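Colleague: sequence first, predicted coordinates after that:
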2 protein chains.
Amino acid sequence: MALDEGAAWTEHVRAVLARAGLKRGGARERVIGLLATESCALSAVEIEDALRAEGRSPGRASIYRVLDLLVEHGLVERVEVGDGQARFERQHPSGEHHHHLVCERCGRLVAFDDPGLERAIARLSARLGMRVSGHDILLHGQCERCA
Amino acid sequence: MALDEGAAWTEHVRAVLARAGLKRGGARERVIGLLATESCALSAVEIEDALRAEGRSPGRASIYRVLDLLVEHGLVERVEVGDGQARFERQHPSGEHHHHLVCERCGRLVAFDDPGLERAIARLSARLGMRVSGHDILLHGQCERCA
DNA sequence: AGTCTAATGAGATTGAGTCTTATTATTATC
DNA sequence: GATAATAATAAGACTCAATCTCATTAGACT
């Protein structure tokens, strides 16, 4: 269930940040709370709007600061779709990650994962002889609804 | 040689645009001429600066217009590294493409291609059952110089 | 040459994201 | 529970790539 996942994630986030010796704060709690309920990628602007709709939006700077912090600690993944704004999405504590397809028609983001792709990248890293620490993969195409 | 490649590409670009029934223009010629000499990805701002250094920079709007046009016709590839500005790079007429690794230290872009990766994506597309028309792959790591 | 239309230039405008600085809240310590 | 040290926040000015507008210029065809 999304609710349980969100709750588990929230707990994990609190634990990681506490372990890092950080204090708590209202803006952070609100951003974390929102990300916990939404499993799809939100942009900073969407986060600001959503929180303002609740009548309690933190300053813009705080939102970006919180998001940067969460990304640094591997708690949130930054997803760039090429539309000029970054989006942010909860990341599983397990470290397992997924990628996205952007629908060329409706713009929807569809998540997927693929062990074969991960293997191909691992082999590629070895072949290149460069230290590869991460990868972003974005597919373009049509989602089930639009196809 | 880069020079020959650039010349061949320029010729190809002219042919494609002429076939599309487009007129020629100074701004376009200058942007194409610059991209022909540079094989690595240039941002619009870098293009503007480079052309201004020659004392003949087109207006900013023209540069973006030309780049959009070239991307639409598959003559130039848009590369997004996540630093908030798009970069543009000649694309081979053959259609074969490559991907990039961004060095986390020096920011350099290193190009590579990998048939295994392409195969993995083809298999993935089939498995997903969605129409996949393209993909962007970006690796993060350290280039040979920095490693 | 004349006409139609694409191409261009200059600058205003947008909008995501960053920076600055004063203020507030949290945690540890006494 | 008061205090001190410092992290967190708010508000808004600011940056800068990218877009938009619209008047002007210049290709290509007759």
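Modeller: Looks like it came in fine.

Colleague: give me the three-state assignment for A:Pro58.
Modeller: Under DSSP: H, G, I helix; E, B strand; the rest coil, the three-state class of A:Pro58 is coil.

Colleague: could you list the low-pLDDT ranges of chain A?
Modeller: Scanning chain A for pLDDT under 70 picks out the ranges A:1-3.

Colleague: same thing but 80
Modeller: A:1-3, A:95, A:147 (pLDDT under 80).

Colleague: tell me which residues are up against the longest helix anywhere in it.
Modeller: Counting by DSSP state H, the longest helix found in chain A is helix A:2-19. Here helix A:2-19 makes contact (C-beta atoms under 8 Å, 6 or more residues apart in numbering or on different chains) with A:24, A:28, A:32-33, A:35-37, A:39, A:69-70, A:73, A:75, A:90, A:92-93. C-beta here means a position set from N, CA and C on the backbone, and glycine is covered the same way.

Colleague: would you mind naming what in chain A lies close to DNA strand C?
Modeller: Contact residues (C-beta under 7 Å from any atom of the strand) of chain A with DNA strand C: A:23-26, A:43-45, A:60-61, A:64, A:68, A:84-86.

Colleague: if we go to 6 Å?
Modeller: Counting by C-beta under 6 Å from any atom of the strand, the positions of chain A adjacent to DNA strand C are A:23-26, A:43-45, A:60-61, A:64, A:84-86.

Colleague: can you name the residues of chain A that neighbour DNA strand D?
Modeller: So far as C-beta under 6 Å from any atom of the strand goes, chain A lies against DNA strand D at A:22-23, A:25-28, A:58-62, A:65-66.

Colleague: just the buried residues of these.
Modeller: Using 16 or more other C-beta atoms under 10 Å in any protein chain shown as the burial test, the residues of chain A next to DNA strand D include A:27-28, A:58, A:62, A:65-66 as buried.

Colleague: looking at these, which are in helices?
Modeller: A:27-28, A:62, A:65-66.

Colleague: and the spatially most central residue of chain A, its phi and psi?
Modeller: By C-alpha atoms, centre = their mean, chain A has its centre lying nearest to A:Glu89, at 2.1 Å. Main-chain dihedrals, A:Glu89, degrees, to the nearest 10: phi -150, psi 140.

Colleague: for DNA strand C, what's the nearest residue on chain A?
Modeller: Relative to DNA strand C, the nearest point of chain A is A:Ala61 (3.0 Å; C-beta to the nearest atom of the strand).

Colleague: any idea how far A:His98 is from that residue?
Modeller: 30 Å (C-beta to C-beta, to the nearest Å).

Colleague: may I see the buried residues of whichever strand or helix holds A:Ala126?
Modeller: Per DSSP states H and E: A:Ala126 is located in helix A:115-128. Buried residues in helix A:115-128, counted by 16+ other C-beta under 10 Å: A:117-118, A:120-121, A:124-125, A:128.
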